[in-house]
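Chemist: My questions concern the predicted model and sequence given below.
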Amino acid sequence: MRLGALFGLLGSNPSTDALSEQAKVYAENGFDSLWVPQAVGRGFIIADPFLTLGIAATVTKDIELGTAILQIPLYDAVDLAHRTLSLMQVCGKRLTLGVGAGSTKTDFTAYGKTYDQRFVTFDRTLKRLKSLLAGNATPTANLTPWLNVRGCPSLLLGTWGASVDRAAREFDGWVGSGMYRTYDELVQSLARYRLAGGKRAIVSTIRVKPGDDLGKTRENLQAFASAGFDDAVVFLQPDGPAPSAVRSLLA
């Protein structure tokens, strides 16, 4: 099982080079992937996913870079397509987009978006996004993407379990939450996902807090590996165990 880390979560007074230094530390310690979450208006700040991944791309090589999870309904499709194409030019084939409809109302309130219509908006925006990334023009938007990035990056659907069948049918993979779902719930969803023909399965946001017993963390990671997950993504909280110590758990 591959091991990734959530990236871009900084303390209350980070240095100006904190994002680049964090990316380099994870890469140097052998993590397979870096993932940026998205949260706005919740009383804390996480740097913009596109900016954060662009910084990571310039200071690392080979390591996969992705969003977990980008809330599609918060964006206009043209704006999102332009941001994605720009980031693809920096990241190349390393970029993976984990996308979802969103689950936190305060983010939608901050953007002035309608939370109750998020699933309808998700479908409409995603359809147009894919078309724009493929280079298809509309009467009002012709983005003319560079040839070397034309086409959609790998798309993973973030869902707590209700839509794993759709993830298997329509997406390149599934991202399940290790923070909001129990191990048993995740394993049950994984079984449904595989039965529907699903390929890549990621369990994300496995919290590792200060004072945690890393022996138990190792057991948790090994349990997810034994269950059949392809990737685990840990969330190393500030002042917790060092990335090197956590990476060694799956060495």
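Modeler: Ah, there it is.
Chemist: make it CA atoms for all contacts and neighbour counts henceforth
Modeler: Will do.
Chemist: which phi and psi does the residue positioned nearest the centre of the chain have?
Modeler: Note on the chain: the residue nearest the mean C-alpha position is residue 68, at 1.8 Å, using C-alpha atoms, centre = their mean. With angles defined as degrees, to the nearest 10, residue 68 sits at phi -150, psi 80.
Chemist: go on, the one 3 residues further on?
Modeler: Here the main-chain torsion angles of residue 71 (degrees, to the nearest 10) amount to phi -90, psi 100.
Chemist: Dig out what it forms beta bridges with.
Modeler: Beta-bridge partners recorded for residue 71 (DSSP bridges): residue 100.
Chemist: Any regions of this structure where pLDDT drops low?
Modeler: When residues are selected by pLDDT under 70, none of them lie in the chain.
Chemist: Reduced to three states, what does the residue of it most remote from its centre come out as?
Modeler: Largest separation from the mean C-alpha position in the chain: residue 139, at 31.8 Å (C-alpha atoms, centre = their mean). When classified by DSSP: H, G, I helix; E, B strand; the rest coil, residue 139 comes out as coil.
Chemist: ok, back up a step: distance of the residue nearest to the centre of the chain from residue 122?
Modeler: From residue 68 over to residue 122 the distance is 16 Å, taken as C-alpha to C-alpha, to the nearest Å.
Chemist: Please apply the same query to residue 53.
Modeler: Residue 53 is 22 Å from residue 122, by C-alpha to C-alpha.
Chemist: on that earlier part again, tell me who's in contact with the residue farthest from the centre of the chain.
Modeler: By C-alpha atoms under 8 Å, 6 or more residues apart in numbering, no residues touch residue 139.
Chemist: Check the gap between it and residue 225 for me.
Modeler: 48 Å.
Chemist: hey, where'd the strands end up in the chain?
Modeler: Assigned by DSSP state E, the strands in the chain fall at 2-6, 33-36, 64-71, 95-100, 154-158, 173-177, 200-208, 231-236.
Chemist: just to revisit the earlier point, who has more neighbours, residue 53 and residue 122?
Modeler: Neighbour count, other C-alpha atoms under 10 Å: between residue 53 and residue 122, residue 53 has more, with 26 against 20.
Chemist: Give me the nearest residue to that one, chain neighbours excluded.
Modeler: residue 65 (6.5 Å; C-alpha to C-alpha, 6 or more residues apart in numbering).
Chemist: If that neighbour is in a bridge, with which residues?
Modeler: residue 34, residue 95.
Chemist: That one touches residue 55, doesn't it?
Modeler: No - at 10.6 Å, residue 65 does not count as touching residue 55 under the criterion of C-alpha atoms under 8 Å.
Chemist: ok so, going back, distance of the residue nearest to residue 53 relative to residue 178?
Modeler: From residue 65 to residue 178 the distance is 19 Å (C-alpha to C-alpha).
Chemist: what about these two, which has more around it?
Modeler: More crowded of residue 65 and residue 178, by other C-alpha under 10 Å: residue 65, with 26 against 21.
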